[in-house]
Structure formats: C-alpha cells, structure tokens
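[1] got a predicted model here, sequence first, then my questions.
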Amino acid sequence: MPVLVCLSGLPGVGKSTIACALAEQTGALHLRLDVIETAMRQSHMKCEDLTDGGYAAAQAVTRLALAQGFDVLADCVNSIQLTRSAWQQASQGHHHIDVMVRCRDHALHRHRIETRENDIEGHCLPNWQSVAARTFDPFPQADIELDTSQLTVEEAVQCLRAAMSAANKEKSHV
C-alpha cells in the first residue's frame, strides 16, 4: 500500500535534499511546494497571494498518486496545524508519515540559507532574517524528527526508508 511521507520544516533545513535522495532510491513521487508555487506565480493566473493554493494543488496530486499506487514525498514548510491536517486528509486511508526536519545548529542552518544555490528558475530564496522570523508551530505529533546537523543525508534517507518499509509491512498484516 502506498505511503505519504510529509517532510515539514523551515527553509534550508534539508527537506528537499533528503526528498530528492529518497525519491531517487525509492521511485516515490517528490512533490516540492516551492516548484509548484513558483510555477503558479509564473502562470497567467496573476497569483499575488497563493495562501494555500500550492498546498491544495499538491494535495490533489497526492490523492491521485496514492490512488494509483505511488508513494509520495511532500516537501513543504508546513508550519501550521491547519496545513498538517490537510496532508493527513490527503492521505485518505493510506499510511501517512509526518517527518519534522530540523537543523538544531543555528550557525549551520544560517550558513546553508546564506550559501545555497537557487535550483528553481524564477523562485526567490528567503534570506536568513525571514527564515529566523518565521512562525513555526510546535509539531510534537510528528512521527519522526530528523536533525540534519547530526545526520548525513544518507542516514536520514535510511531512517525514512525503514519507516516506509515498516508502514508497508504494518498495512499488509491488517
């Protein structure tokens, strides 16, 4: 049974790096909100305020992909309970794994923000001040917490692969 892995965390903590590596190893569909929202802004729709538009689009694709048997990796900031609940609803009875990605080393996190290269044409990367000032509601109900200041990308990917495998075993015994 397919699994939705929802990676949440502030910009620059490593969500996309982990999701790319995990997608490459598992064949899961990687839905990166920054790509979706950038495309929406560049469209003829004239979307100044996307509010939840990118999330709604990604969640609609998620429902379709899960129904077709694909594992999905949702890569988004997901900073409030409202958006986290919407991802839970998008999983529609499929297994859902909430992952909180952090970089507890603030100097390293800042360095990543200040030195990262933009890999999405037309996307505006946030600066350190905007990331540091961003509201991020506590997420104690996350199934997994990854601290990218302590884990390599490969270690984080292995942790998530194990969780996905366990979810599939759990569902097959129900």
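    Looks like it came in fine.
[2] what residues sit buried inside the lowest-mean-pLDDT helix or strand in the chain?
    Every helix and strand of the chain was ranked by mean pLDDT, DSSP states H and E. The lowest is helix 33-42, at a mean of 84. For helix 33-42, a neighbour-count test (16 or more other Cβ atoms under 10 Å) marks 33, 34, 35, 36, 37, 38, 41 as buried. From N, CA and C alone the C-beta is placed, and that goes for glycine too.
[3] columns distance to residue 20 on top of these, output as CSV?
    Formatted as CSV, the buried residues of helix 33-42 follow (distance: Cβ to Cβ, whole Å):
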residue, distance to residue 20
33, 14
34, 12
35, 12
36, 15
37, 18
38, 16
41, 22
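[4] low pLDDT regions in this structure?
    Applying pLDDT under 70 to the chain flags residues 45-51, 170-174.
[5] need the helices for it, in chain order.
    Assigned by DSSP state H, the helices in the chain fall at 15-26, 33-42, 53-67, 81-90, 106-115, 128-133, 153-172.
[6] wouldn't residue 167 be in contact with residue 95 here?
    Yes: with contacts counted by Cβ atoms under 8 Å, residue 167 reaches residue 95, the gap being 4.0 Å.
[7] what number of residues lie near residue 123?
    Residues contacting residue 123 under the criterion other Cβ atoms under 10 Å number 14.
[8] if I read this right, it contacts residue 34, doesn't it?
    Yes: counting by Cβ under 8 Å, residue 123 does reach residue 34; the two are 5.7 Å apart.
[9] can you tell me the centre-most residue of this structure?
    Central residue of the chain (Cα atoms, centre = their mean): residue 75, 2.0 Å from the mean position.
[10] burial of residue 154, as a residue count?
    Residue 154: 11 neighbours (other Cβ under 10 Å).
[11] leaving out the residues flanking it, which one is nearest to it?
    Spatial nearest neighbour of residue 154, excluding adjacent residues (Cβ to Cβ, 6 or more residues apart in numbering): residue 21 at 7.3 Å.
[12] over to residue 94?
    Using Cβ to Cβ, 6+ apart, the nearest residue to residue 94 is residue 66, at 4.7 Å.
[13] dump the residue contacts of the one you found.
    Applying Cβ atoms under 8 Å, 6 or more residues apart in numbering, we find residue 66 in contact with 2, 4, 72, 90, 91, 92, 94.
[14] if I look at residue 134, how far off is residue 20?
    As judged by Cβ to Cβ, to the nearest Å, residue 134 and residue 20 stand 23 Å apart.
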